[in-house]
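Engineer: coords please:
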Amino acid sequence: MLKEYGPIAIGVYAALWIVPFGGLFQVFYAFDNFGHNPISLLEYMGAKDYIYGVLQLPQDARPEGWQISGVYAYLGAELLEPLRLPLSIWLAPRAKRWLSARRQPAEKPTTTLS
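Structural biologist: Coordinates of the predicted model:
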């Protein structure tokens, strides 16, 4: 597919990742992550010390809202992978045909004076 469609296939695949990520980020950020605090989940699981140690974060570190929204948006975009790849394979040939048609100049009608 990459050999035949090249950058178009990559662009379609990237767009099918960026659009859901951006949309999910906006939703989570606009609604303040639906009141969810992932730190409380880590504390409940008893994994906060381990995760903070791996990430080399101070124990009193708290992520900001936009960071949490980014993580949730990333996870949501990755959950769509089973749909993204087949959709990319289906859309790449159509995108190439559409772009090829747009690149060719439109034929001008010929007028004859009689």
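Engineer: which residues of the chain score low on pLDDT?
Structural biologist: The chain contains residues with pLDDT under 70 at 1-2, 105-114.
Engineer: can you pull out the helices in it?
Structural biologist: Listed in chain order, the helices of the chain (DSSP state H) span 2-5, 7-30, 38-45, 48-54, 65-79, 81-103.
Engineer: output those as JSON lines; include the columns mean neighbour count.
Structural biologist: (C-beta placed from N, C-alpha, C; glycine too.) Putting those into JSON lines (neighbours: other CB atoms under 10 Å) gives the following:
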{"stretch": "helix 2-5", "mean neighbour count": "11"}
{"stretch": "helix 7-30", "mean neighbour count": "16"}
{"stretch": "helix 38-45", "mean neighbour count": "12"}
{"stretch": "helix 48-54", "mean neighbour count": "12"}
{"stretch": "helix 65-79", "mean neighbour count": "15"}
{"stretch": "helix 81-103", "mean neighbour count": "13"}
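Engineer: right, and residue 95 touches residue 7 too?
Structural biologist: No. The criterion here is CB atoms under 8 Å, and residue 95 misses it with residue 7 at 10.4 Å.
Engineer: distance check, the nearest residue to residue 87 once chain neighbours are set aside against residue 101.
Structural biologist: What sits nearest to residue 87 in space, not counting adjacent residues and going by CB to CB, 6 or more residues apart in numbering, is residue 16, at 6.0 Å. According to CB to CB, to the nearest Å, residue 16 and residue 101 sit 22 Å apart.
Engineer: before we move on, what about residue 28?
Structural biologist: Residue 28 sits 38 Å away from residue 101, going by CB to CB.
Engineer: do the same with residue 94
Structural biologist: Residue 94 sits at a distance of 11 Å from residue 101 (criterion: CB to CB).
Engineer: again, but for residue 18
Structural biologist: The gap separating residue 18 from residue 101 is 24 Å, by CB to CB.
Engineer: same deal with residue 45?
Structural biologist: 54 Å.
Engineer: what's the answer for residue 72, then?
Structural biologist: When residue 72 is compared with residue 101 (using CB to CB), they lie 39 Å apart.
Engineer: cool, and residue 35?
Structural biologist: To residue 101, residue 35 is 48 Å away according to CB to CB.
Engineer: no further queries at this time; thank you.
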